[in-house]
Structure formats: structure tokens, C-alpha cells
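In: Structure here, sequence nowhere to be found:
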């Protein structure tokens, strides 16, 4: 039985390779496979980024698929989201493998995270090039990875959704602060929202988008807090356009999409200066200084200038530019043969 299954897999692999060759011979687009489904409407960083690539890579002559059975020329592996044996078979058939790293190593990691990172390191032994989300991610993760060829490509934001132009909720004449988080892990530091409430004027409102309501923290009962739950991209963009600033207390995030999306909507960022956030925001936001009250005052006083600098920064991370950088990596690999 094992021999029969092996033969079937071999014939399927040959057929997939043959289809890829026939498509190229007919002048068809090169195909990039994603190990993460980009079709889901809602979700956090990796899924949001997969959707950006699926929407924008075709402009550079690449067809994109999340169908694991489809023949492809290049496979983009998202961190740990791949089967090692299948990946090994694809490599043997000549598929170029690109490993996108959106993780970070932490001291005293849980057993789950340690096992996940060991698996990522194992996958990385097969790939042709590693793409890191940020210089922070490269410095942090490189020690456990084997692939010597790497690039740093930050995440991208879709300007057709996240821009300063578009619908927004009406202003209420009082400060409106937005916090967006798709998880409630310890590194998200949701507890800092309580400190933010102490630093804000009494009339201010804090709007929470994502899964914060699952955290069970005491500040969720504060009458100034509005728990909105999970929203789609268009709804998040509208809320960003209708807020005064984004509060981003997360620590050591490799490359937070939310920060780029906020800047693209003209929303200044008050953030913890760690991880990849620092290299994204630059001078377009206010880092925590130790006094949230002083930070809030500084941000609100300098908001117009921060808004303009954020819009300029966000253009560096446009979906078109980022997809172009990935397309360049894919072409280099395919030309290498």
C-alpha cells in the first residue's frame, strides 16, 4: 500500500510540474502558492498580508493561489504553516521555496512556542530564501535559521482600503482613541489601556476593535470604553479615519500591520518603542516616555504634523511597493534556475 501511495504521489507531482511547464510554454503567468488562505475576510497580521499579496502580485505578472493541490513555480511559506514532507517533495520537483518569518524569539518561552520555533527552523533548512518582516525580526530570528540567503521586506497596506480619504464616523467633539488587536496574548500588554484611561481627559472615549473583550480585564467595564469586537478591513479603516490616535502598547511586535494601516489613514500612533514598530513609525508617532499623560498631551498638540509624516511613511509600505519587492525575489529565484 505504501508503494502504491508513493507512486500516486509521484504521478501527481509529475502532473503538477508538467502543468506548470505547459503554462509557462503558453506564455502564462508564473504561479505563486501561499501556505495561508488569503480569502478569509477577517483576521490578524499574516492573513491580512496574504490578502495584500493575492490582490497585488498579479500586477507584476504572478498568478496567486492558496490551493495546496495547484501546481506552482514559487511557494511562499508562512512561518510554521507548512507540512515538512510535502515541502520536501515540492523542492525535489523544482519549486522555489520562500520562507516568510513573522515570529520572534522570547526569553523563557512556553513549550508550545519553543516547539513551533523548532519546527520553523526545520522548515527553513529546505528553503531558497528567507524573508523577514523587519530588521528587528532578522536580528532576533536569524540565530536559529539555516538558510543563508535573506531579505528584509516590511508588510504592506492596501491603499484602496486604508487611506485618509473615505467614510468615517462623525466626530463627537471629544478625543477618540482607537486600539486594535486580533489576540489577547501577554505581549499585547492590554493592561496598559488602564493607564491610558488615567492619562486621558474624562470626556475621551477608547474604542477597542478585535478580541480584547475576551481578556476579562477590569477596564472593560469603564463607561468610557467601547468594545466593538472584530471588524472587517473597511470598518477598521473608517474607525481609523474617525479617531485622534492609535494606542499601540504591544511589545516586540515584528512588524504590526495595524500601525502601517493607521498611518495610511492619517492616524498618529502612540506606541511602545520596541520590536519592528520603531522602524515602521520613525518620526510619525510618539513613543512611550514613561508618562502617558505627557505623551498624550504631546501627541494631541502635534497631531497635524504627525498625521502628515505618517501619511508619507505609509507610502513606503504601500501594497504596490511591497508586492514589487516580493516579485523581485521570486524572479531572481526563477532566473537562477
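Out: Structure received. Being a predicted model, the structure only gives us computed values, none of them experimental.
In: quick one, what contacts the residue positioned nearest the centre of the chain?
Out: For the chain, residue 45 is the residue whose C-alpha lies nearest the centre (C-alpha atoms, centre = their mean; 3.4 Å). Taking C-beta atoms under 8 Å, 6 or more residues apart in numbering, we find residue 45 in contact with 102, 155, 182, 255-258. Where C-beta positions appear, they are placed from N, C-alpha and C, glycine not excepted.
In: Break the chain down into its domains, please.
Out: 2-156+318-336, 176-315 (automatic domain parsing).
In: What average pLDDT does the shortest one get?
Out: Looking back up the chat, that one is domain 176-315. Across domain 176-315, pLDDT averages out at 96.
In: Tell me which residues touch residue 180, please.
Out: Listed by C-beta under 8 Å, 6+ apart, the contact set of residue 180 reads 209-210, 236, 246, 258, 262.
In: For the residues you listed, pick the one with the most neighbours.
Out: The most crowded member of the contacts of residue 180, judged by other C-beta atoms under 10 Å, is residue 262 (31 neighbours).
In: so of the domains of the chain, which one's packed in deepest?
Out: Burial of the domains of the chain is given as mean neighbour count (mean count of other C-beta atoms under 10 Å); domain 176-315 ranks first at a mean of 19.
In: on that earlier part again, just send the contacts of residue 45 back as a markdown table, with secondary structure and distance to residue 83 too.
Out: Formatted as a markdown table, the contacts of residue 45 follow (DSSP: H, G, I helix; E, B strand; the rest coil; distance: C-beta to C-beta, whole Å):
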| residue | secondary structure | distance to residue 83 |
| --- | --- | --- |
| 102 | coil | 19 |
| 155 | coil | 25 |
| 182 | coil | 25 |
| 255 | coil | 25 |
| 256 | coil | 28 |
| 257 | helix | 26 |
| 258 | helix | 30 |
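In: Let me know the closest of the residues you listed to residue 79.
Out: Residue 79 has its nearest neighbour among the contacts of residue 45 in residue 102, at 5.5 Å by C-beta to C-beta.
In: Please list all residues in contact with the closest one.
Out: With C-beta under 8 Å, 6+ apart, residue 102 has these contacts: 45-46, 49, 78-79, 133, 137, 254-255.
In: From residue 253, how far off is it?
Out: 10 Å (C-beta to C-beta, to the nearest Å).
In: before we move on, back to that, taking the contacts of residue 180, tell me the two that lie furthest apart.
Out: It's 210 and 262 that sit farthest apart of the contacts of residue 180, by C-beta to C-beta, at 13.5 Å.
In: Please state the backbone phi and psi of residue 102?
Out: phi -120, psi 30 (degrees, to the nearest 10).
In: Which pLDDT value belongs to it?
Out: Looking at residue 102, its pLDDT reads 93.
In: just use 53 as the starting number from now, easier for me
Out: Right, with 53 as the first residue, what we last looked at is residue 154.
In: can you tell me how far it sits from residue 137?
Out: For residue 154, the distance to residue 137 - C-beta to C-beta - is 23 Å.
In: Do you have the strands of the stretch 153-302 of the chain handy? List them.
Out: All strands of the stretch 153-302 of the chain, identified by DSSP state E, counting those that start in this stretch, fall at 181-184, 202-204, 228-233, 257-262, 277-281, 297-300.
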